[in-house]
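Asker: Please find the sequence and the predicted model below.
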Amino acid sequence: METDSLEFGPADRPGTASSPVRILPILSHTGNQRVLADWVHHQERYEIVSERNAELSEADFDIIVLDAESLREYDTEIRERKMDAAAFLPVLLVSSEAAANRLDTPDQPQAEPAVWQLVDERLLTPINTTELGRRLDTLARIRNQSLALERQTEQLLLLNRITRHDIRNEMQVISGWAEQLANHTDDAGDQIRQRIVNSSRHVVDLTKAVREFVETLQTAGDPDLEPVDLESLVTDELTKRCATFEAAEFAVTGELPQVDVRANDLLASVFRNLLNNAVQHNDSDTPRVEIAVSEHDEAVTITIADNGLGIPPEQREAVLGRTDEGLDHPAAGLGLYLVDTLVNQYGGTLQIGAADLGGAKIEVELQKASSTGVNTVDDDS
C-alpha cells in the first residue's frame, strides 16, 4: 500500500525533541545510509535507534526504512514484527523503480502476502530529502494515531470489564433480596417479586452479551473456526435455560443429530441469547419454546420457535441491527445483533419468521465441519 503524502502544520508534525520518532534503517546501499543519517542528524523530531540489522527482532522503533535487498532478506522478521505489533508499524521502502519491480519473485509462497505488500510507503532513489521528510511525517502521523487508538481501546476494554463486574454484583444482590421476600408476599406481591428476579437475570444476561460482543470486535479478520459438537452444546444450553426459567417449557422436536459444525466457543452465546429472548419477550402465562434440528448434506438448520407475541415482518431486519440505524433503531436488541454477527462469522445464515405456536420462529443454518472434533462448552451460565 502506498499512502498519499500529507502536508502538516508545525503543531501537527509528529515527534518532539524530548520524544522523537525512532527510525530503524536497514539499508544495504551506503549512499542511501549516509543521506538518511545526515537528514536525521539535522532533525529534532527524529532519531536513528540502530544501524545494526541483527537487532530487527528486538529493536524498539517506530518506522523501518529499508531498501529492496534488505526487504527481501528480512522479509520474515518484518512480517512477524508487523503481525505482532498492537499498533500500525510502518515500513518505508527506499529503492529504484527497477529494484521495487523485482521484489515479487516466483519463489514467494502463495500462502504469504507478496513481499511488496509489507511496504506502507515508497521513496524512489536518488533520495530527495524534502520528499523523505514528507513520507516520514505521513507514516509517523498515522502510527501516532494508531498508538492513541490502541491506548483508548485498552482503556475502554478495562472500563467495560469493571462496569460489567459491578453491574453483575449489584444485580446478584438485588436478586438475593428479592428471593428473601418469597415468604413475605401474597400472590400479587409474589408476581411483582418474580418480575424483579426476571429483570435482574435479564440485566446479567445483557452483561454477558456485551462481553461476547466485545470479543467479536476484537477478532481481527476472519475468526478461527473449529468443529463444535452441536448436540452437546444445545443440550447444555437447554439444561441451563430450564434451570433459569423454571416456569417455562422447553421441548426438543425429534432428535438432536450428532454432528459437528464450523464455529468457536462463542456459539454457546448464540443459543443462550435465542432461548433467553424466546422466554423474556414472551407474554404467555406459560412460555413454551420448541427446538428442532434438521441435518442436510453440508449444513444443519436449527429452528427455535415460541408462543410469544412474535416479531412483525417490518421489524425483523431491525431487531437484528441490519438497518442503516444499526443498534440505534428502537427495535434493535444487542442479543440478537450479537447472534446475527456470530452466525455470519461462522458462514451461516439467520432468518426470522412466524411460528405455528403463535410467536416467533428463528432459523439458524450452520455449516458442517469438515472434520470431527469437540470444543469446550461455555460454562458462563
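Answerer: Good, I have the coordinates. Numbering: from 1, shown residues only.

Asker: Report the separation between the two terminal residues of stretch 44-62.
Answerer: Stretch 44-62 has its terminal residues 15 Å apart, counting by CA to CA, to the nearest Å.

Asker: Please name the nearest non-neighbouring residue to residue 24.
Answerer: Closest residue in space to residue 24, ignoring its immediate chain neighbours: residue 61 at 3.9 Å, by CB to CB, 6 or more residues apart in numbering. For the C-beta atoms, the positions are set from N, CA and C on the backbone; glycine is no exception.

Asker: The one you found in helix, strand or coil?
Answerer: Classification of residue 61 by DSSP: H, G, I helix; E, B strand; the rest coil places it in coil.

Asker: My guess is it contacts residue 22. True?
Answerer: Yes: using CB atoms under 8 Å, residue 61 is in contact with residue 22, at 4.5 Å.

Asker: Overlap of the contact sets of the two?
Answerer: Common contact partners of residue 61 and residue 22 (CB atoms under 8 Å, 6 or more residues apart in numbering): residue 49.

Asker: which stretches of the stretch 201-350 of the chain form strands?
Answerer: 226-229, 249-253, 260-263, 288-295, 299-306, 349-354 (DSSP state E, counting those that start in this stretch).

Asker: quick one: contacts of the host helix or strand of residue 362?
Answerer: Using DSSP states H and E, residue 362 maps to strand 360-367. Residues outside strand 360-367 that contact it (CB under 8 Å, 6+ apart) are 230, 261-263, 270, 274, 278, 298-306, 308-311, 339, 343, 346-355.

Asker: Is it possible to mark the buried ones in those residues?
Answerer: By neighbour count, with 16 or more other CB atoms under 10 Å, these hold 230, 261-263, 270, 274, 278, 299-306, 308, 310-311, 339, 343, 346, 348, 350, 352, 355 as buried.

Asker: farthest residue from the center of this structure?
Answerer: Within the chain, the residue lying farthest from the chain centre (CA atoms, centre = their mean) is residue 186, at 47.8 Å.

Asker: gap between it and residue 94?
Answerer: Using CB to CB, to the nearest Å, one gets 83 Å for the distance from residue 186 to residue 94.

Asker: cool, residue 83 as well?
Answerer: Distance from residue 83 to residue 94, counting by CB to CB: 23 Å.

Asker: between these two, who's got more neighbours?
Answerer: Per other CB atoms under 10 Å, whichever of residue 83 and residue 94 has more neighbours is residue 94, with 28 against 9.

Asker: you'd agree the more buried one is in a strand?
Answerer: Yes: assigned with three-state DSSP, residue 94 falls within a strand.

Asker: Tell me the bridge partners for it.
Answerer: Bridge pairing for residue 94 (DSSP bridges) gives the partners residue 123.

Asker: residues in contact with it?
Answerer: Residue 94 touches 27, 32, 36, 65, 66, 67, 122, 123, 125, 127, counting by CB under 8 Å, 6+ apart.

Asker: Which members of those residues are positioned in strands?
Answerer: Among those, DSSP state E puts 65, 66, 122, 123 in strands.

Asker: Could you report the neighbour count for the residue found closest to residue 96 once you drop the neighbours it is linked to in the chain?
Answerer: Counting by CB to CB, 6+ apart, residue 96 lies nearest to residue 125, which is 5.1 Å off, once chain neighbours are set aside. Other residues lying near residue 125 total 16 when counted by other CB under 10 Å.

Asker: Tell me who's in contact with residue 125.
Answerer: Taking CB under 8 Å, 6+ apart as the criterion, residue 125 is in contact with 29, 32, 94, 95, 96.

Asker: Can you tell me how far residue 236 is from residue 29?
Answerer: 62 Å.

Asker: er, residue 159 I mean
Answerer: Distance, residue 159 to residue 29, by CB to CB: 49 Å.

Asker: In terms of packing, which of the two has more residues around it?
Answerer: Neighbours per residue (other CB under 10 Å) separate residue 159 from residue 29, with residue 29 holding more: 18 against 10.

Asker: Phi and psi next, for the more buried one.
Answerer: Backbone geometry at residue 29, expressed as degrees, to the nearest 10, gives phi -90, psi 120.

Asker: Could you tell me the average pLDDT over the helix ranked longest in the chain, please?
Answerer: If you go by DSSP state H, the chain has its longest helix at helix 129-180. On average, the pLDDT along helix 129-180 is 86.

Asker: Packing partners of that helix?
Answerer: The contact analysis (3 or more CB pairs under 8 Å, 6 or more residues apart in numbering; DSSP states H and E) places helix 129-180 against strand 21-26, helix 30-41, strand 63-66, strand 91-95, strand 121-124, helix 187-217.

Asker: One more pass at 6 Å, please.
Answerer: Contact partners of helix 129-180 among helices and strands, from 3 or more CB pairs under 6 Å, 6 or more residues apart in numbering; DSSP states H and E: strand 121-124, helix 187-217.
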